[in-house]
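Undergrad: sequence below, structure please.
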Amino acid sequence: MSTPDDIPFDRSPAGPAGAVAVLSPLARRVIAPNRGPFTFTGTCTYIVGHGRVAVIDPGPDDAAHVASLLEALGSEQVEAILVTHTHRDHSPAARLLQNATGAPIIGCATHIPNPDPPSGRLDASHDLDHRPELVMSDGDVFTGDGFTLQAVATPGHASNHLAFALAQENGLFSGDHVMAWSTTIVAPPDGRMSDYMASLEKLRQRDDVVYWPGHGGPLHEPQRFVRGLTVHRRQRETSILARLAGGDTQIAQIVAAIYDSLDPRLQGAAALSVLAHLEDLVERGLVKSDAGAATLTAHYAL
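TA: Presented below is the predicted three-dimensional model:
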């Protein structure tokens, strides 16, 4: 992930792990204790509704977080557990919560890894044990007690990524597709830059007034923010093309040149982000790879 200066990021803490934050008349949040360079202050788990509720993204396999969530729920009944995508900081606790409440797990599909990815790397970040009772597709609706959640397919960060629109408040639970604190990592083989850019444009056409993301605080004026993310990605693409024109041929050279003051813990993520851009550029015929496809070790040229 990166944090360019031309996008109005909000890096203020979203709140302490385990505490219940009331975000709107229908939405509450409990943050998991999994702070890190990719998760910011932790995964945001959302409770939607009152009395008979839905829970979105229960988080990592952490019994203490699920206990905090159950304490926040008190005597309320969980009607459904929704999952935006199967990265291991979002979906594994769905099974713990299901065991405690009996609620069905619905939302994104099970991730099926590519056994021979072009990037030469298996995606180890996915929760391969995720098995939803109901897979939601773009436009599908879960109707709760006094609220509705509509699935909005937003692949890119993950191929099975969904956002959930809360019609009653004109809000969107945006998962990891758009976050207020940082740009989103798009890491092949499962993450695809072409899908990510198309999903950004899809969200830009919507009229949501607030996003509640998978990490960090709420995002207001989301269309303006999404435009900024789109411009940033196009500028990153232009920078990569300029480095290739200047003689760089490998991803490591490009990363060293275009990422300033990069946290060493994010070096691998930056390389995968450049790979995602190169994968898109190769598919569009703008860049050539000596491997025939985009890989981490290939040599590239215009």
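
Undergrad: okay, CA-based contacts and neighbour counts for the rest of this
TA: Noted.

Undergrad: check what pLDDT the closest residue to residue 166 other than its chain neighbours gets.
TA: Counting by Cα to Cα, 6 or more residues apart in numbering, residue 166 lies nearest to residue 149, which is 5.0 Å off, once chain neighbours are set aside. What the model reports as pLDDT for residue 149 is 98.

Undergrad: show me what the host helix or strand of residue 149 is packed up against.
TA: Under the criterion of DSSP states H and E, residue 149 resides in strand 148-153. Under the contact criterion of 3 or more Cα pairs under 8 Å, 6 or more residues apart in numbering; DSSP states H and E, strand 148-153 touches strand 141-143, strand 162-166.

Undergrad: partners of it in the sheet?
TA: strand 141-143 (antiparallel), strand 162-166 (antiparallel) (DSSP bridges).

Undergrad: list the buried residues for the first one?
TA: Meaning strand 141-143. For strand 141-143, burial by neighbour count (16 or more other Cα atoms under 10 Å) applies to 141-142.

Undergrad: stretch 280-299 now?
TA: Quick answer for stretch 280-299 (16+ other Cα under 10 Å): 280-282, 287-289, 293-296, 298-299.

Undergrad: same question for stretch 49-69.
TA: Neighbour-count burial for stretch 49-69 flags 49-50, 52-62, 65-66, 68-69 (criterion: 16+ other Cα under 10 Å).

Undergrad: so which of those residues sit within helices?
TA: Here DSSP state H is the test, and these give 65-66, 68-69 as lying in helices.

Undergrad: can you put those residues in JSON lines and add distance to residue 127?
TA: Listed next are these as JSON lines, based on distance: Cα to Cα, whole Å:
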{"residue": "65", "distance to residue 127": "17"}
{"residue": "66", "distance to residue 127": "17"}
{"residue": "68", "distance to residue 127": "22"}
{"residue": "69", "distance to residue 127": "20"}
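
Undergrad: tell me the pLDDT of residue 10.
TA: Residue 10 is assigned a pLDDT of 76 by the prediction.

Undergrad: and it, which helix or strand is it part of?
TA: Residue 10 is part of no helix or strand when elements are defined by DSSP H and E.

Undergrad: burial of it, as a residue count?
TA: Neighbours of residue 10 under the rule other Cα atoms under 10 Å: 15.

Undergrad: any idea how far it lies from residue 149?
TA: Distance, residue 10 to residue 149, by Cα to Cα, to the nearest Å: 26 Å.

Undergrad: thanks again, I'm all set now.
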